[in-house]
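# Give me a 3D structure for the following:
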Amino acid sequence: MAGAQCCENPPSLNPSCGEGSVECLVGSIKAYVTGSVSSKKAVILASDVFGFEAPNLRKLADKVAASGFFVVVPDYFYGDPYVPEKCAIPEWVKIHGPDKGFEDTMPLIADLRSKGISAIGAAGFCWGAKVVAELTKTDEIQAAVMLHPSLVTVDDIKDVKVPIAILAAETDHISPPELIKQFEEILSSKSEVNSFVKIFLGVAHGWTVRYKTDDDAAVKRAEEAHSHMIEWFTKYVS
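Residues are numbered from 1 along each chain as shown. Predicted coordinates:
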């Protein structure tokens, strides 16, 4: 499900932020790209409903790139990220479903591989976690990370085929700890799939990308999740 927590603490979008650049990689979809183009490893970051111009997300993309990955943050919403004042979140999701995000990712992956990328990881935040859930059912990526997932179901987790880390929040009405524990039980029964599940105490849905940069405690908690994500990709995307 998608709900009010998906919309809390909206970022101030900034199309010029980040150390990378915005490019049109394949078709009509634009993306923020950062990192060495000579890297053989790539990570795709699927945003939450606020899209690819969120400063904290781009800052994280730059951090992942500094670990040796070519990073791509697609504009899955084609310039139409969620704006709380314009409509309710369920109405917006009807127009911008994660199924379309998954469809857009497939040619993007093919394009990356045509340019010499040999290993790809994908991380999804809130809305983007559903895109990543669909990718984990394919052979197109080597590893996945979901951060405070939205719309992801038990049936999705049953079909996971690649190493996956799920980083969840203690206070989350979208994917509450009870659901995350179900995910963990399912993954624990899949001996062929490496997994890591952690529920972070004292944080709420969206904490990894929608924190206030002047809140030292919030930054520290977000950075802890970022470190887990980068460690996961370093281990499995090679």
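# okay, CA-based contacts and neighbour counts for the rest of this
Noted.
# longest strand of this protein?
Secondary structure assigned by DSSP state E gives strand 195-204 as the longest strand of the chain.
# S175: neighbouring residues, count only.
As a burial measure, S175 scores 22 neighbours (other CA atoms under 10 Å).
# Equivalent analysis for E170, please.
Counted with other CA under 10 Å, E170 comes out at 19.
# from what I can see it touches L201, true?
Yes - at 5.1 Å, E170 counts as touching L201 under the criterion of CA atoms under 8 Å.
# ok, which stretches of this structure are helices?
55-65, 89-95, 98-114, 127-135, 154-158, 177-188, 216-236 (DSSP state H).
# What residues sit buried inside the fifth one?
Same thing as helix 154-158. Buried residues in helix 154-158, counted by 16 or more other CA atoms under 10 Å: I157.
# list the helices and strands it packs on?
In terms of contacts (3 or more CA pairs under 8 Å, 6 or more residues apart in numbering; DSSP states H and E), helix 154-158 is packed against helix 127-135, helix 177-188.
# centroid residue for this structure?
G124 (1.7 Å; CA atoms, centre = their mean).
# ok, for it, nearest residue in space, not its chain neighbours?
Among residues not flanking G124 along the chain, A46 sits closest, at 4.6 Å (CA to CA, 6 or more residues apart in numbering).
# Burial-wise, tell me which of the helices and strands packed on helix 154-158 comes out on top.
helix 127-135 (a mean of 27; mean count of other CA atoms under 10 Å).
# That one - contacts with which helices or strands?
strand 41-46, helix 98-114, strand 119-125, strand 143-147, helix 154-158.
# between the ones you listed, which gets nearest to I89?
Comparing the helices and strands packed on helix 127-135 against I89 with CA to CA, the closest turns out to be helix 98-114 (13.4 Å).
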